[in-house]
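> After the sequence you'll find the predicted model.
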Amino acid sequence: MRILDKMEVTPAEAKSRLSTENAAILIDIREPEEFALSRIDGAVLIPMQSIPGEIQRLEALGDEKDLMVLCHHGVRSLNVVAWLRERGIENCFSVSGGIDQWSQEIDPSVPRY
């Protein structure tokens, strides 16, 4: 299966994609209050309700690199990925389990809430 055939990546897959030479971009779609509580270094905050207004920016970012989309538990990010793919941004992926699973599996220094 090609990676574009799936809409989700595990936190481990995302970490690997973010740390490669042509690193992917981590898009955090949580609310600013959530981002203030807990965040992953290097993540770009674009709250979910702002996504439609940021479509050109996301298209430009997607032209350069894959987009890893993150929320709290992976539900909102999966919806955003589906929405973006409907609009032609195919190289975007939801991080399954969100920042909560990231904290449990990748980096326990990221606070859980």
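That came in fine, so what should we check first? Numbering: from 1, shown residues only.
> and Leu61, what helix or strand is that in?
Using DSSP states H and E, Leu61 maps to helix 55-64.
> Distance from the chain centre to that helix, please.
Offset of helix 55-64 from its chain centre (C-alpha atoms, centre = their mean, to the nearest Å): 14 Å.
> Just say helix, strand or coil for the residue nearest the centre of the chain.
Taking C-alpha atoms, centre = their mean as the criterion, Val69 is the residue nearest the geometric centre of the chain, at 1.5 Å. On the three-state scheme (DSSP: H, G, I helix; E, B strand; the rest coil), Val69 is labelled strand.
> any idea how far it is from Val95?
The spacing between Val69 and Val95, counted by C-beta to C-beta, to the nearest Å, is 7 Å. To be clear about C-beta, it is placed using only N, CA and C from the backbone, and glycine gets the same treatment.
> shared neighbours of these two, anything?
Common neighbours of Val69 and Val95 (criterion: C-beta atoms under 8 Å, 6 or more residues apart in numbering): Ser77.
> thinking again about what came up before, list the contacts for the residue nearest to the centre of the chain?
Counted by C-beta under 8 Å, 6+ apart, Val69 has contacts 27, 29, 77, 80-81, 84, 92-95.
> same check, this time on Glu8
Counting by C-beta under 8 Å, 6+ apart, Glu8 touches 74, 78, 81, 93-96.
> Arg112: which of those is nearest?
For the contacts of Glu8, the minimum distance to Arg112 (C-beta to C-beta) is 14.0 Å, reached by Gly74.
> How many residues are close by that closest one?
21 (other C-beta atoms under 10 Å).
> Tell me if I'm right that it and Gln101 touch.
Yes - in this structure Gly74 lies within contact range of Gln101 using C-beta atoms under 8 Å: 7.1 Å.
> Mind listing the shared neighbours of these two?
By C-beta under 8 Å, 6+ apart, the residues touching both Gly74 and Gln101 are Val95.
> Having no further points to raise, I will conclude here.
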